[in-house]
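Colleague: turn this into a model:
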Amino acid sequence: MEFVINDFAKSIDLQSINTRFQLFHIDYSKPIQVTFFTSRRLFTERLIDEGANPPPWLLAYQDQQGIYALDPDLWDPETSSGSLEEVIAHEAAHIVLQSMKTEIPLWIYEGFAMLVAGQIPLDDELGPLLTNPYSLDYESEDLYYTIAQAMVVLSAQINEFELVRRILEVDDYVNDSLFGFEAMREAVKR
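Modeller: As a prediction, this is how the structure comes out:
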């Protein structure tokens, strides 16, 4: 995977990002442009210009043209977790998945990115899945926690490598035996 980064003085371990993608046998040949913003105001204005209403905790986002990230020096340690490399890998995973799929439920879209970026502690017990992830939206208070729970539940059934492979291969998530609405409803009951 190739990244083209704007004039950014900080060091980014691109090899660690590439290693995450190689670990899952994900090959993406198009260069990904990464643009860093040196002020929260400029970062927010860019999103608003695109019609978004960004939450104050947002660190990065992506579109078909690339990844847009806030300078890590501006990240709020109270609301920011993870490394710069995890954030870039997360956004790059969105680009990869979107290049292959068109109909992606939110929880799979975010769960895939979290898995590839290494943002889900699969060996931790996150507690039972209490909410069907199909009911989530970006306004859901427990969005990322519930997605992590769902991915932990699924990775207990098949390993994380098989889980990523299945996400990339399934055509109809809603009716799939692993990812489907009914499968997730049953997972909540357990």
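
Colleague: please count neighbours and contacts with C-alpha atoms only from this point.
Modeller: Noted.

Colleague: low pLDDT regions in this protein?
Modeller: Applying pLDDT under 70 to the chain picks out residues 9.

Colleague: quick one: the strands in it, in order.
Modeller: 3-5, 32-37, 60-63, 66-70 (DSSP state E).

Colleague: biggest helix in the protein, by residue count?
Modeller: In the chain, assigned by DSSP state H, the helix with the most residues is helix 84-100.

Colleague: C-alpha coordinates for that one, CSV please?
Modeller: The C-alpha coordinates for helix 84-100 follow below in CSV (Å, rounded to 0.1, in the frame of the first residue of the first chain):
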residue,chain,number,x,y,z
LEU,A,84,-1.6,8.0,14.5
GLU,A,85,-0.8,4.8,12.6
GLU,A,86,-4.0,3.1,13.9
VAL,A,87,-6.1,6.1,12.8
ILE,A,88,-4.5,6.2,9.3
ALA,A,89,-4.9,2.4,9.0
HIS,A,90,-8.5,2.7,10.1
GLU,A,91,-9.3,5.3,7.4
ALA,A,92,-7.3,3.4,4.7
ALA,A,93,-9.4,0.3,5.6
HIS,A,94,-12.5,2.3,4.8
ILE,A,95,-11.1,3.2,1.4
VAL,A,96,-10.2,-0.4,0.6
LEU,A,97,-13.7,-1.7,1.7
GLN,A,98,-15.5,1.0,-0.2
SER,A,99,-13.5,0.2,-3.4
MET,A,100,-14.8,-3.4,-3.2
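
Colleague: residues making contact with that helix?
Modeller: Around helix 84-100, the neighbours that count as contacts under Cα atoms under 8 Å, 6 or more residues apart in numbering are 12-14, 16-17, 20, 28, 32, 59-64, 66-67, 72, 109-110, 112-114, 116-119, 168.

Colleague: from S99, how far out is Y145?
Modeller: Distance, Y145 to S99, using Cα to Cα, to the nearest Å: 26 Å.

Colleague: contacts only, for the most centrally placed residue in the chain.
Modeller: In the chain, the residue lying closest to the centroid (Cα atoms, centre = their mean) is A113, at 2.7 Å. Contact analysis of A113 by Cα under 8 Å, 6+ apart lists A89, H90, E91, A92, A93, H94.

Colleague: same check, this time on G66
Modeller: Contacts of G66 by Cα under 8 Å, 6+ apart are I32, Q33, V34, T35, I95.

Colleague: so what's the first one closest to, chain neighbours aside?
Modeller: If you skip the residues right next to it in sequence, I32 has F3 as its closest partner in space, 4.8 Å away by Cα to Cα, 6 or more residues apart in numbering.
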